[in-house]
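Asker: everything below, folded, please.
(chains A and B)
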Amino acid sequence: MASANHAADGILRLATTTSTENSGLLAKLVPQFSDSRDIPVHVIAVGTGRALNHARNGDVDVVLVHAKNAELDLVNSGYGIERYEVMYNEFVIAGPETDPAEISGLSNLGTAFEKIANSGALFVSRGDDSGTHKKERQIWGEVDIEPNGDWYKEVGLGMGRSLQIADELRAYILTDKGTWLALKRKLSLPVHVQGASDGRNDYGIIAVNPEKHSHVNIEAAEQFIDWIQSDEAKAVISGHKVEGEQLFYVIE
Amino acid sequence: MDGLIGASAEALRLLFTGDREIWEIVAISFSVSFRAIFYIVPLAILSAFALAYGNFPGRRVLITIVNALVALPAVVVGLLLYMLLSSSGPFGGWRLLFTQGAMIIGQMILAFPLLVAMIHVSLQGVDLSAWQTARTLGASIFRAMFTIMREVRFGLIAAIVAGFGRVVSEVGCSIMVGGNILHHTRNIPTAIALETSKGEFEQGIALGAVLITLALALNFAVATVRGRDMARH
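Answerer: The predicted structure is shown next:
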């Protein structure tokens, strides 16, 4: 069954994270690619965990996500061909205006996490195995804290919804800068820690291996990967602004 | 409160200025759900007749199962269907995942128990002898079925309207097997979920308003037809 040649419909299926979709970046990138090559692109925006799962199952042709270790797993297990760096943005910590944990101005996410855990202030976790959630778990691991208790709320939702909940609960939250910027006017949840040494958020792109899933539209996937590293695409990425701020930085 | 009023006003503006994206989403929603109901209704009617007039072992158990399945969560149907339609699943070769076809199948599965249960209830309201008389007078099974269906037409319509309402508003299955792809599989409920996650409450309310308005129109239409028919008899 899997041998049926099914780049047949010519569609390129791209699984990506809600952060690239919600920030409006893909809405600029995708039409430029698909119009010039006449390749329709279907964007499926889910958490990084699920996007990688879709890749492993052969349900998409290419993934653009942000969880480097999990991405390398995909490649090492043979389901992804190779990981290419695309761009990065930043993880920041937003929280209540009163900043009860006094983290404002810190330059390290780990230190801020420790202070939040010790202050008794609330913390909202994505809890959905997304790239942001993986990053959060990693930071807790690095500072050797196992977060649990009433102050730690795992909401199991996307970034936007999680930010809204953190806002309602007056809680701290780890967020990608882009989603926060897109929502900031609707929230009273300022960023307290940014430009942190451990806050870089890398996005990689990987084509699904046709040796594992023969129906993969590999030609289109490779064209897209080439294109997203081209000067034309880089200009779109660097030029994309939300609320007047550049969101993504190209990796040279 | 300010936010709610502002969002509602903006929602109205979006609808009446003919925001193309919104109306495209509305069209996808209705086209998918209409097709799902259209394809599944014949099978649901046959099943309901079999449960009402059939004489076979396990009939009562089946009725109980159908009634229980009415409560099946959409997201569970979505999950099962995803596993079946995934390229790694048994029907991966159909390449239906992340298409409207997958959404239609999901909605057919969701609507089926509700349709059967409701039609079955209306059939129970018909005197069994009507069926038997028709059959002894030499009517074929299908002939007899049509006679009874005329009898219970309002029950049928009510079941179809309820089934449509169930599938046109479900989000769990559509987002799972459709993928919420713009211009293709983004329908009203999945768009509302997305817009809400982005904090774009205006768009969410606008789409919700369309859904409610069309549901109201549908129900008024049915009620009107029914009222007219009753007055005639």
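
Asker: any low-confidence regions in the stretch 51-200 of chain A?
Answerer: Residues of the stretch 51-200 of chain A meeting the criterion pLDDT under 70: none.

Asker: and chain A, which residues reach chain B?
Answerer: A:1-2, A:4, A:6, A:8-9, A:13, A:18, A:22, A:42-45, A:56-60, A:157-161, A:163-164, A:182-183, A:186-187, A:213, A:215 (C-beta under 8 Å from any C-beta of the partner chain). Backbone N, C-alpha and C define where each C-beta goes, glycine included.

Asker: in helices only, show me these.
Answerer: If you go by DSSP state H, the residues of chain A next to chain B have A:18, A:22, A:56, A:159-161, A:163-164, A:182-183 in helices.

Asker: of the residues of chain A next to chain B, grab the buried ones for ChimeraX.
Answerer: Per 16 or more other C-beta atoms under 10 Å in any protein chain shown, the buried members of the residues of chain A next to chain B correspond to this ChimeraX selection:
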select /A:6,13,18,22,42,43,44,45,56,57,58,59,60,157,158,159,160,161,163,164,182,183,186,213,215
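
Asker: now, among the ones in helices among the residues of chain A next to chain B, which is nearest to B:A71?
Answerer: The nearest member of those to B:A71, counting by C-beta to C-beta, is A:R161 at 25.7 Å.

Asker: roughly how far does that closest one sit from A:W151?
Answerer: Using C-beta to C-beta, to the nearest Å, A:R161 is found at 20 Å from A:W151.

Asker: go on, A:E168?
Answerer: 15 Å.

Asker: residues touching residue 131, list them.
Answerer: This is for chain A. A:17, A:19, A:47-49, A:65-67, A:201 (C-beta atoms under 8 Å, 6 or more residues apart in numbering or on different chains).

Asker: if you could check chain B rather than the one you did, that'd help
Answerer: Taking C-beta under 8 Å, 6+ apart as the test, what B:W131 contacts is B:53, B:144, B:148.

Asker: quick check on it: phi, psi?
Answerer: When read as degrees, to the nearest 10, the backbone of B:W131 gives phi -60, psi -50.

Asker: cool, A:P190 as well?
Answerer: phi -70, psi 160.

Asker: that one contacts A:V92, doesn't it?
Answerer: No - the criterion here is C-beta atoms under 8 Å, and A:P190 misses it with A:V92 at 10.0 Å.

Asker: settle it for me: which of the two has more neighbours?
Answerer: Using other C-beta atoms under 10 Å in any protein chain shown, the more surrounded residue of A:P190 and A:V92 is A:V92, with 23 against 14.

Asker: check contacts around B:N67.
Answerer: Counting by C-beta under 8 Å, 6+ apart, B:N67 has contacts B:113, B:117.

Asker: A:E85 belongs to a strand?
Answerer: Yes - counting by DSSP: H, G, I helix; E, B strand; the rest coil, A:E85 is found in a strand.

Asker: ok, the nearest residue to it once chain neighbours are set aside - contacts?
Answerer: Of all residues not flanking A:E85 in the chain, A:I251 sits nearest, at 4.2 Å (C-beta to C-beta, 6 or more residues apart in numbering or on different chains). Applying C-beta under 8 Å, 6+ apart to A:I251 gives the contacts A:85-88, A:202.

Asker: contacts for the least confident helix or strand in chain B by mean pLDDT next, please.
Answerer: The helix or strand of chain B with the poorest confidence is helix B:2-16; it has a mean of 75 (mean pLDDT, DSSP states H and E). Helix B:2-16 is contacted by residues B:22, B:201-203, B:205-206, B:209-210 when judged by C-beta under 8 Å, 6+ apart.

Asker: which two among these are spaced furthest apart?
Answerer: Longest span within the contacts of helix B:2-16, C-beta to C-beta: B:F201 and B:V210, 15.0 Å.

Asker: distance of the most centrally placed residue in chain B relative to chain A?
Answerer: Relative to the mean C-alpha position of chain B, the nearest C-alpha, by C-alpha atoms, centre = their mean, is the one of B:F164, at 2.9 Å. Distance, B:F164 to chain A, using C-beta to the nearest C-beta, to the nearest Å: 27 Å.

Asker: near chain A too, which of the contacts of helix B:2-16?
Answerer: Applying C-beta under 8 Å from any C-beta to the contacts of helix B:2-16, none is adjacent to chain A.

Asker: buried set for the helix or strand that the residue nearest to the centre of chain B is a member of?
Answerer: Using DSSP states H and E, the element containing B:F164 is helix B:153-168. The neighbour-count check on helix B:153-168 (16+ other C-beta under 10 Å) flags B:155-156, B:158-161, B:163-168 as buried.

Asker: ok, back up a step: so how do I select the buried members of the contacts of helix B:2-16 in ChimeraX?
Answerer: Command for ChimeraX, covering only those of the contacts of helix B:2-16 found buried under the criterion 16+ other C-beta under 10 Å:
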select /B:22,201,202,203,205,206,210
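
Asker: got a markdown table for the contacts of helix B:2-16, with distance to B:I192 too?
Answerer: Shown next, in a markdown table, are those (distance: C-beta to C-beta, whole Å):
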| residue | distance to B:I192 |
| --- | --- |
| B:I22 | 11 |
| B:F201 | 10 |
| B:E202 | 11 |
| B:Q203 | 8 |
| B:I205 | 9 |
| B:A206 | 9 |
| B:A209 | 11 |
| B:V210 | 10 |
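
Asker: what about the helices in chain B?
Answerer: Going by DSSP H, chain B shows helices at B:2-16, B:20-53, B:59-69, B:74-85, B:100-124, B:128-136, B:141-151, B:153-168, B:172-178, B:188-197, B:201-232.

Asker: which of the contacts of A:I251 are buried? Put it as a PyMOL command.
Answerer: Command for PyMOL, covering only those of these found buried under the criterion 16+ other C-beta under 10 Å:
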select buried, chain A and resi 86+87+88+202
